[in-house]
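1. Based on what follows, work out the 3D shape:
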Amino acid sequence: NSRGSSSLLKDSIPITEFSASETLEGHDLLRRGFRSVKSELLPSHPLELSEKNFQLNQDKTNFATLRNIQGLHAPLKLQMEFRAVKQVQRFPFLYSSNMALDTLRGNDECISFEDILNDPSQSEVMGEPHMMMEYKLGLL
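-> All right, here's what the predicted structure looks like:
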């Protein structure tokens, strides 16, 4: 029955073929580890972007207040200290707690959500230590 097979073709939905090499072509699995699905998702709630940028907004407010109280030199000095502390990192394959940055911000004495639920052993970014270090040093 040729009529029956043609109606099946009209009702079917075309499926595009995906290959594994196309999806992973731009992502180096050995150097960067598995892709994080969390970073590819769009925010599901309007307040999520506000919460994600909370620390940046808090720093801007603190710098503006500090500038009004003590003058221009105080926020500039603090920003230079923040930049210097952010440059000090552990090896790329080790988790860094950034304790010095927390001390500068005054967050070293409080326990927050990230301190408990941000377990580095559950992180999706883990790779070959030698490869990651050579990539950071520019040897690869």
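
2. which SSE is Asp108 in?
-> Applying DSSP states H and E as the criterion places Asp108 outside every helix and strand.

3. where's it relative to Ser97, distance?
-> Counting by CB to CB, to the nearest Å, the gap from Asp108 to Ser97 is 10 Å. Where C-beta positions appear, they are placed from N, C-alpha and C, glycine not excepted.

4. cool, Gln87 as well?
-> With CB to CB as the criterion, Gln87 and Ser97 are 15 Å apart.

5. okay, these two: which has more neighbours?
-> Ser97 (11 against 7; other CB atoms under 10 Å).

6. Next up, the contacts around Arg90.
-> Ser96 (CB atoms under 8 Å, 6 or more residues apart in numbering).

7. per-residue confidence at it?
-> According to the prediction, Arg90 has pLDDT 79.

8. which SS class is it?
-> coil (DSSP: H, G, I helix; E, B strand; the rest coil).

9. Start the count at 183 instead of 1 going forward.
-> That works, and once the first residue is 183, the last one we named lands at Arg272.

10. For it, grab phi and psi.
-> phi -80, psi -180 (degrees, to the nearest 10).

11. separation between it and Ser279?
-> From Arg272 across to Ser279, the span is 9 Å (CB to CB).

12. Likewise for Cys292?
-> Computed with CB to CB, the distance linking Cys292 and Ser279 is 14 Å.

13. What is the burial count for Arg213?
-> Here the number of neighbours of Arg213 (other CB under 10 Å) works out to 15.

14. Can you tell me the closest non-neighbouring residue to it?
-> Spatial nearest neighbour of Arg213, excluding adjacent residues (CB to CB, 6 or more residues apart in numbering): Tyr317 at 5.0 Å.

15. Number of residues surrounding that neighbour?
-> Around Tyr317 there are 17 residues (other CB under 10 Å).

16. No more questions from me, cheers.
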